[in-house]
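[1] Provide a 3D model corresponding to the input given below.
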Amino acid sequence: MCGRYYIAADERDMAEILEAVEFGAAVKTGEVFPSDPAPVLRSGGVITAMSWGYPRYDGKGLIINARSETAAEKPTFRRDLAGGRCLVPASWYFEWEKRRGSRIRYWLRPREPGPVWLAALSRREPDGTYRFVILTRQAAPGIAFIHDRMPVILPPRTHDAWLHARDPDPALRGAEEEILYAEA
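    Down below sits the predicted model:
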């Protein structure tokens, strides 16, 4: 997955999510980039502002994604997979296709209307700030020509299991497969 998604503040469902952000914290709307503060749904139904990306161990840049297939094995993500699962609401996400020396930008989302819910991991940093990374997976067959990875998009029926179950794998297996795309 690339490093951008979009929050359309004028969409009714998204506006309700933005209004529910804990303590009225400021979050980015429009095109969201790594390091931006964004709304995140935590267990217990709390929507809070978190910054996108974990600082790299060497202090140079951010880790913005985690592979869902290996997150449980990686020291950076293992603890957060057990106790920091969350969901990131978006209107759609962006991906770029490399074609004959140029890059074509696409917006992508599931067929169902409403917010796109991206599976994510979160943690609290020593300075008290909360951060998240988005989980990725193999791209769905219909969009693999654009990029070989995509975010894990969880439909509402899987949210409770993702946020609260001891084993997150059943929720991950329920991820969206049919993704719509259009050139942006």
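
[2] Am I right that residue 105 sits in a strand?
    Yes. Using DSSP: H, G, I helix; E, B strand; the rest coil, the assignment for residue 105 is a strand.

[3] Under the pLDDT cut-off, which ranges of the chain? List them.
    Applying pLDDT under 70 to the chain picks out residues 1.

[4] Would you map the strands across it?
    Applying DSSP state E to the chain gives strands spanning 5-7, 30-32, 37-41, 47-52, 54-55, 62-63, 65-67, 85-90, 92-99, 102-110, 116-124, 130-138, 149-151, 179-183.

[5] Tabulate the ones you listed (JSON lines), appending distance to residue 78.
    Any C-beta I mention is one placed from the backbone N, CA and C, and that applies to glycine too. Output for the strands of the chain, formatted as JSON lines (distance: least, Cβ to Cβ, whole Å):
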{"stretch": "strand 5-7", "distance to residue 78": "25"}
{"stretch": "strand 30-32", "distance to residue 78": "26"}
{"stretch": "strand 37-41", "distance to residue 78": "20"}
{"stretch": "strand 47-52", "distance to residue 78": "19"}
{"stretch": "strand 54-55", "distance to residue 78": "13"}
{"stretch": "strand 62-63", "distance to residue 78": "14"}
{"stretch": "strand 65-67", "distance to residue 78": "10"}
{"stretch": "strand 85-90", "distance to residue 78": "12"}
{"stretch": "strand 92-99", "distance to residue 78": "25"}
{"stretch": "strand 102-110", "distance to residue 78": "28"}
{"stretch": "strand 116-124", "distance to residue 78": "10"}
{"stretch": "strand 130-138", "distance to residue 78": "13"}
{"stretch": "strand 149-151", "distance to residue 78": "20"}
{"stretch": "strand 179-183", "distance to residue 78": "28"}
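
[6] In TSV: those strands, plus mean neighbour count and distance to residue 76.
    Listed next are the strands of the chain as TSV, based on neighbours: other Cβ atoms under 10 Å; distance: least, Cβ to Cβ, whole Å:
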stretch	mean neighbour count	distance to residue 76
strand 5-7	23	21
strand 30-32	15	22
strand 37-41	23	18
strand 47-52	21	15
strand 54-55	17	7
strand 62-63	16	7
strand 65-67	19	8
strand 85-90	24	15
strand 92-99	17	22
strand 102-110	16	26
strand 116-124	22	9
strand 130-138	22	9
strand 149-151	22	18
strand 179-183	14	27
